[in-house]
Structure formats: structure tokens, C-alpha cells
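# Predicted model and sequence follow; I will ask about them next.
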Amino acid sequence: MSLIVLDHLEKSYGTIPALRDLSLQVPEGCLYGLLGPNGAGKTTTLRILATLLAPDLGDVRIAGLDGLKDQREIRRLIGYVAQEVAIDKILTGRELLALQGDLYHLRPKQRNQRIDELIEMLGMDPWIDRRCGTYSGGMRRRLDLAAGLLHRPQLLILDEPTVGLDIESRAVIWNVLRDLRDQGTTVLLSTHYLEEVEALADRMAIIDAGTVIAEGTPNDLKKRLGGDRVTLRVREFSNEQEAETICDLLEPLDGVQNIVINRSQGHSLNLVVDGEQVLPRLRLCLEEAGLPVFALAQSRPSLDDVYLQATGRTLMDAELAIAGQRDPKQERKQAMR
Ligand SMILES: Nc1ncnc2c1ncn2[C@@H]1O[C@H](COP(=O)(O)OP(=O)(O)OP(=O)(O)O)[C@@H](O)[C@H]1O
Ligand SMILES: [Mg+2]
């Protein structure tokens, strides 16, 4: 059963579109990852789920409740850990959690027991009685997570919970999220780290320019790409025109399933190929055309390939593109050639 159903969501901030026809279903009891570059619409989606923001159009359902009408009930069901939290600097971590517990109307005894449990679960004992103003990024993220878990939510929503953290803090958070899922909590997190969804998520969606471009288990998504990946560079290959020419040359070859121009790394080509014999054929075809191969690498598909095949950009390239205000939709059309 789906705990979350988002149906054709649209959201703009003034004239800036954030979500365009975004639909998504998150099954109950799963650890679900939303992967996407900066500006893809992850925070907007999560804020709508947390009832902090209303969509312009579309339906939001959580555990059968209406996201627009049943906000009080929904807030009881969910814990929300925001991307950026302004933590009070004067209070200690323990005092801050106690304050949060009061906001959730926990009784003092219950509240203190729960705080002790969370301190243990998240390894916060050595510093929880220090003022929050002295915390590192990892300590703050753990405290945020504890605050989101105080009332034992059925659904935990986390916006980039491990961004910028050291390996140890990240491992603590990953383990806590896995344990929560194993105990029946549905966990939805956003990230732009590929390895985070690979390591954690039972299912995932890739969001790009406000819409879902791929959905499934991380393995499904990789399998859907079919064969192996080949990255190809040719010596004379320096501009769009040459890239197009080489695409036209290679496309008819046996075993070549799909070609995408990767513009992020000085115009390399990313090919999906099937079968062992494709590499020598590619090499021969290019040499006969007077285009000696500069570099040719074959690999199993990664999630970055899933993204690249859908959009023509790597995740990192997408972030640069959004920073420079290129139009991702236009680029996707080109990528789907
Ligand atoms: N308060 C706002 N006012 C105007 N535009 C906004 C606002 N919040 C988000 N946007 C725009 O909406 C789009 C989606 O933003 P959103 O914050 O949902 O992306 P994101 O996937 O969370 O990105 P990031 O990985 O950087 O956190 C972006 O183009 C962003 O510039
Ligand atoms: Mg965000």
C-alpha cells in the first residue's frame, strides 16, 4: 500500500516554476530516496508533504488523509527534518529537545525517557549538555534528526540529511534510518548523493526540473538501461557538430542501443551497448572514418548513467547548468535524440 500519493503536482514561486506535473507514490514501510540536482524541486516536494507549503495544483495524500484539508492529523503522523535549521545557540541540545517535546504535548516523564533513548540511538551523550552554539555540522544534523523522531512518527521526511557530513556522522545517520525502516517507519529522504541512494534506498525517484524522470528500485533503474556502458572520446572530437557526426556514424552499428552526448566532460559520448563484440566494432568504424579513438572505457551502469541517459547531463553538470540558468527541458529533448 502507498503511504504517500502525490498526483500531478504543480508549484511555482511567482514566475519561477518549481514542480511541473510531479506524480509519485511511496509504499508504506520503505526507505525511499529522492535524487536530484540543485533546484530540481526536492525541498518543494518535501515541504508540500510536511504541509508547510500548498501546491498550486494537484493532490497530496498521506495515509489516506488529504494534504490540504487534514493538516493537523498529518502533522501528528510525520517528522520533518528540514534542509537548513536555525538552531537556538544558547540552549543545550537536551533543553532544545525538551522544548520540542513540549510542542508535541509529550508528558514530562515520557518526554525525558524518549530524549534519553534518542541520545543513545544517535550517540549524542558526550555533547548533548553543551550549548548548541558550540556544535559541529554533524552534531547539529543528529540533533535535528532526534527532534524529528521525538513523537515516534509513522513517516519521517528528511531533506538532505547528510550533506557536508564527515563519514562517521553520515554512518550514524544511515544506520539509524535503516533501523527505523526495519522497525516499520516509512522514511523519505532527498539527496544529491548517488552513493546515498545506492546504499540506503529500497526505492527511488530521480527528479529533474520539477518532474520525476525515473522511478523504481536502484537496481531496476540500472537494469532498465540494458547493456553495458561505454564512454568514448575521439581525438578530433571537440565540438557539437563533430559529436553529432560521430553519433550518426555509430548509431547504425550492431549492438549499439543508445547514444547520448555528454557535454559535461569536453564532449564525450555515452553509449549503451549490448554484447562483447561491440568495442572492436566501434574502434574499427571510427578508425576507418579517420577518427582515431582517444579513450574508450566500458563499465556496468551506475545511477549517474541512468541520469545521463534521461537528461544528457551528469548530476554535477546539471547543478552547474541550473546555476547558469540553462533550460534543462530543452537539453533533455536534445538528449533524447
Ligand atoms: N522561496 C523561493 N522563492 C523563489 N524560488 C524558489 C523558492 N524556493 C525554491 N525556489 C525555486 O524553485 C526551484 C526548486 O527549488 P527546490 O528548493 O525545491 O530545489 P531542491 O531540489 O531542493 O534544490 P537543492 O538541492 O539546491 O536543495 C528552484 O528553481 C528554486 O530556485
Ligand atoms: Mg533542497
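Cool, the structure landed. Ligands and ions are numbered 1, 2, ... in the order given.

# Find the helix or strand that Tyr32 is a member of.
Using DSSP states H and E, the element containing Tyr32 is strand 31-35.

# Quick check: what element follows that strand along the chain?
With DSSP H and E setting the assignment, the helix or strand that follows strand 31-35 is helix 42-49.

# list the contacts for the residue of the chain found nearest ligand 2?
In the chain, the residue found nearest to ligand 2 is Thr43; the distance is 3.1 Å by Cβ to the ion. Every C-beta, even on glycine, is put in place using the N, C-alpha and C of the backbone. Residues in contact with Thr43 (Cβ atoms under 8 Å, 6 or more residues apart in numbering) are 83, 159, 190.

# partner residues bridging the second one?
Right, the one you point to is Asp159. When bridges are called by DSSP bridges, Asp159 pairs up with Ser190.

# Per-residue pLDDT of the residue nearest to Thr51 when sequence neighbours are not counted, please?
When the adjacent residues along the chain are set aside, Thr51 lies closest to Gln71, with 4.4 Å between them (Cβ to Cβ, 6 or more residues apart in numbering). Per-residue pLDDT puts Gln71 at 93.

# can you pull the contacts of Leu200?
31, 33, 174, 177-178, 189.

# Could you turn the buried ones of the residues you listed into a PyMOL selection?
If you want just the buried ones from those in PyMOL, going by 16 or more other Cβ atoms under 10 Å, the selection is:
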select buried, resi 31+33+174+177+189
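
# Please work out how many residues are found near the residue nearest to Thr51.
Here the count is done by other Cβ atoms under 10 Å, and Gln71 has 15 residues near it.

# And Glu240, by the same measure?
When neighbours are counted by other Cβ under 10 Å, Glu240 registers 11.

# do the same with Tyr104
Other residues near Tyr104 number 16, with proximity taken as other Cβ under 10 Å.

# Who are the contact partners of it?
By Cβ under 8 Å, 6+ apart, the contact list for Tyr104 reads 150-151.

# 34 is where my numbering starts, stick with that
I'll keep to 34 as the first residue from here, and by that count the last item is Tyr137.

# Could you report the distance from it to ligand 1?
Distance, Tyr137 to ligand 1, using Cβ to the nearest ligand atom, to the nearest Å: 26 Å.

# The residue lying closest to Arg333 once chain neighbours are set aside - how many residues pack around it?
For Arg333, the nearest residue in space outside its immediate sequence neighbours is Asp261; the separation is 6.4 Å by Cβ to Cβ, 6+ apart. Applying the criterion other Cβ under 10 Å, we find 18 residues in the vicinity of Asp261.
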